[in-house]
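Novice: here is the input, now give the coordinates:
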Amino acid sequence: MVEKIIAGVTVNVNNEGYLENPAQWTKDIALEIAKEYNLTLTEKHFQVIDYLRKAHLNGETLTMRKVGSSGIVDIKGLYELFPGGPLKISSKIAGIPKPTSCV
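Specialist: Numbering: from 1, shown residues only. Sure, this is the predicted structure:
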C-alpha cells in the first residue's frame, strides 16, 4: 500500500494505483484520475461510475457484459467512454478494486 495525493487528498492505493478504500473516493478524485487517461468526464461517464460503485458495494462481480447490459451503456459505448481498457479504467476512476475479470 502506498499513499498518494490525488486532488489534494491523501489516499491509499495499491501497486496498480487503485484506491484501497472506496470510501476515500470523491468526484474530484475521479476527475483527477481521468486526466491520467486524457479523459474529460461527462454525465454519461458518471452514470457508469455510479453504477460500478453501487454494484461493487453490493458485492456484485463486475464484467464487461454486466456493464453492457446495465441499460446505461452498451459494450461499444463503454469502449468509447473509456478507451484502452474500459472496465479496468472505469473501475480505477470509480475508486473500486480492479475487477477480477481484468488482466
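
Novice: tell me which residue is most central in the chain.
Specialist: Central residue of the chain (Cα atoms, centre = their mean): residue 91, 2.4 Å from the mean position.

Novice: distance check, that one against residue 8.
Specialist: Residue 91 is 22 Å from residue 8, where distance means Cβ to Cβ, to the nearest Å. All C-beta spots, glycine's among them, are computed from the backbone N, C-alpha and C.

Novice: any idea how far residue 15 is from the nearest residue to residue 68 once chain neighbours are set aside?
Specialist: In this structure, residue 68 finds its nearest non-sequential neighbour in residue 75, 3.8 Å apart by Cβ to Cβ, 6 or more residues apart in numbering. For residue 75, the distance to residue 15 (Cβ to Cβ) stands at 28 Å.

Novice: check residue 42 too.
Specialist: Separation of residue 42 from residue 15 (Cβ to Cβ): 30 Å.

Novice: looking at these two, which one has more neighbours?
Specialist: Legend: neighbour count by other Cβ atoms under 10 Å for residue 42 and residue 15, higher for residue 42 (10 against 7).

Novice: excluding chain neighbours, what is closest to that one?
Specialist: Nearest non-adjacent residue to residue 42, counting by Cβ to Cβ, 6+ apart: residue 81, 8.0 Å away.
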